[in-house]
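> how would this look folded up:
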Amino acid sequence: MRGLEPTYMMDLVEGKFAGTSRQQLADIFSDFRNDAAKNALLIHFHGGLVNQASGIQNAIDLNQQYASTQTGCLFPIWETGLWEVLERNWLDIAGDTVFQIILDRVLSAVWAKTREAGGNRGMTLDYLPGTFLVSDLLDSAQGIGDIALPLADIDFQGLEPLTPLQEQQLQVAFTQDTRLTGAIQAAINAHVASTDDTTRAVFSDMRVQPKKSAMDPMVLDNLAASAASMRGIPLEIALRVLGIVKLVIFRFLEKKDHGLHATAVEEILRAFYLATVGAGVWTQIKSYAHEAFQGDAQQYGGSALLEEIGQLPSDKKVLLVGHSAGSIFISELLSAAVKRNIKSAFGVIFLAPAARFDLFADALNSAGDLVGDFRMYTMTDQNECSDILVRLNNKGGGLGWFYPRSLLYLISGVLEPDVDSPIVGMQRFYNPHVWNGNNVDVNTLRSYVTAPGTDRVCWSVCSGPNKKLCANARSHGDFGHAIMLNGIRNSTVDAIREILSSGAF
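Sure thing, here's the model as predicted:
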């Protein structure tokens, strides 16, 4: 593996210069300004879940791809190294007995609700735990993004909230579910194992063998505390699981669901595994992009970038390309550019962007004049739903059943504070028949991105005679690489090459 190439890379850690220096960035811009053959500088921001080694290798590959276009290139390596942490955590959650049991109970309860016969609506449910074991969820891993049930049709159109009678029925069932309550009690026992004997006696049922869980430690603290309260462990667990069932149904009613399988997983992760699944890590990644523009230009890479861009002559253009969380970096850059009185317009290309609608809408509202041309390459919703996040476990076994959709779906459904948070790269939020949240930011970007005659978006897969409007990636990660995981060339890289060569979108 080759190391950093300071002639076209900028290495940042938490927004600050690390493996490269401020002077080396100045040298890159000086060379670009003095090279009469190069009229444009491409600045490519990789995704947030990329470690330094991967970021460097991808920069080397893409730099070679763009070399023939007579364009200057700069690749900020704002590595986080957090992907390995998240992937390990996801494997731990998937292997957690507690997670598997809760997932079955939630899916079984919602499925029972969908099977209500017309004359029996509102009466007790035909709830049967054990309907959705891991083996039953494997259909979701076949690239369809949700459960395929040969057992019965699922009627989500006629779905209604649980009645008080049904809530009471499920609460009793969950309270008496010894496999559910026993698994969580085992996790609590393991969690308090290091405490003193008196505390352990209060919080633990010593008849249950301790077993470590991947649950959020704060959730385990709360559950342990409830052991000494009037409610006790079984009732506390029952109320939490019942709450998840109600939230899943509510999301279907509000058209904020991500399919039955993914929605159930998302609500379980939010309720029991939020710290483990990576919500804090995602917040940290976004903060790196923001912090890069907050300090002085001698230390902070974003501030230094804008300082150098501000010194470019008017005939030198800058093209910003952002893959996944790289779009967050670009949104922060645009907002900061206005405050620093940057005058020259940028070309902007988003690749499967993970930025929230409100972040990019704010950037456009404040810095719209700085966006000369814009294009987004991202997947259709059908391909987004089929892009399985974690396909294999650490033993090589199938893990597609854990979460059956893409990284952008997980960000929207779990990692962002608001459930079903609008993400710029997700097609579902551009269709008012699918998502009608009456959101000002969503309406703003819908009008901008899909404006007739602008060709501002390519929904992959798309092809045609104009190479600039082609995309063939079917996986989130493929957008950022010249060669995709299946060995096929990424046509979006060729589209960017055409834009660079022609000087026009």
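> for residue 43, pull up the helix or strand it's in.
Using DSSP states H and E, residue 43 sits in strand 40-45.
> that strand: how far from the chain's middle?
Put simply, strand 40-45 sits 24 Å off its chain's centre (Cα atoms, centre = their mean, to the nearest Å).
> partners of that strand, with directions?
strand 72-77 (parallel), strand 317-323 (parallel) (DSSP bridges).
> what is the following helix or strand past that strand packed up against?
Where DSSP H and E defines the elements, the next helix or strand beyond strand 40-45 is helix 52-66. Applying 3 or more Cβ pairs under 8 Å, 6 or more residues apart in numbering; DSSP states H and E, one finds that helix 52-66 contacts strand 9-13, strand 40-45, strand 72-77, helix 491-502. Placement of C-beta: from N, CA and C, glycine included.
> mind checking which of the ones you listed is nearest residue 269?
strand 40-45 (27.4 Å; Cβ to Cβ).
> strands of the stretch 251-400 of the chain, start to end?
Remark: strands assigned in the stretch 251-400 of the chain by DSSP state E, counting those that start in this stretch are 317-323, 346-351, 371-379.
> now those strands in JSON lines, please, with extra columns for mean neighbour count.
Output for the strands of the stretch 251-400 of the chain, formatted as JSON lines (neighbours: other Cβ atoms under 10 Å):
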{"stretch": "strand 317-323", "mean neighbour count": "25"}
{"stretch": "strand 346-351", "mean neighbour count": "26"}
{"stretch": "strand 371-379", "mean neighbour count": "22"}
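> nearest to residue 12, of the ones you listed?
Across the strands of the stretch 251-400 of the chain, closest to residue 12 is strand 317-323 (Cβ to Cβ), at 14.5 Å.
> ok, residues contacting that closest one?
39-47, 71, 309, 312, 328-330, 333, 344, 346-353, 479-480, 496, 499-500, 503 (Cβ atoms under 8 Å, 6 or more residues apart in numbering).
> give me the distance between the most centrally placed residue in the chain and residue 95.
For the chain, the residue nearest the mean C-alpha position is residue 411 (2.8 Å; Cα atoms, centre = their mean). According to Cβ to Cβ, to the nearest Å, residue 411 stands 23 Å off from residue 95.
> for the protein, which residues score under the pLDDT cut-off?
1-2, 79-81, 117-120, 143-144, 148-155, 194-206, 227-232, 391-398 (pLDDT under 70).
> how's it carved up into domains?
With automatic domain parsing as the criterion, the domains of the chain are listed as 9-78+292-502, 87-279.
> format the ones you listed as a markdown table; extra columns: distance to residue 285.
Below are the domains of the chain laid out as a markdown table (distance: least, Cβ to Cβ, whole Å):
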| stretch | distance to residue 285 |
| --- | --- |
| domain 9-78+292-502 | 4 |
| domain 87-279 | 9 |
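> for those domains, which one sits closest to residue 3?
If we rank the domains of the chain by Cβ to Cβ, the stretch that ends up nearest is domain 9-78+292-502, at 6.9 Å.
> then the lengthiest helix in the chain to CSV, C-alphas only?
If each helix of the chain is counted by residues according to DSSP state H, the longest one is helix 232-253. The C-alpha trace of helix 232-253 is given here as CSV (Å, rounded to 0.1, in the frame of the first residue of the first chain):
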residue,chain,number,x,y,z
GLY,A,232,-39.9,-5.1,37.6
ILE,A,233,-38.1,-6.6,34.6
PRO,A,234,-40.9,-8.4,32.8
LEU,A,235,-43.3,-5.5,32.7
GLU,A,236,-40.6,-3.0,31.7
ILE,A,237,-39.5,-5.3,28.8
ALA,A,238,-43.1,-5.8,27.7
LEU,A,239,-43.8,-2.1,27.6
ARG,A,240,-40.7,-1.4,25.6
VAL,A,241,-41.4,-4.1,23.0
LEU,A,242,-45.1,-3.1,22.8
GLY,A,243,-43.9,0.5,22.2
ILE,A,244,-41.8,-0.7,19.3
VAL,A,245,-44.8,-2.6,17.8
LYS,A,246,-46.9,0.6,18.0
LEU,A,247,-44.1,2.7,16.4
VAL,A,248,-43.7,0.2,13.5
ILE,A,249,-47.5,0.4,12.8
PHE,A,250,-47.5,4.2,13.2
ARG,A,251,-44.7,4.5,10.6
PHE,A,252,-46.8,2.5,8.1
LEU,A,253,-49.8,4.7,8.8
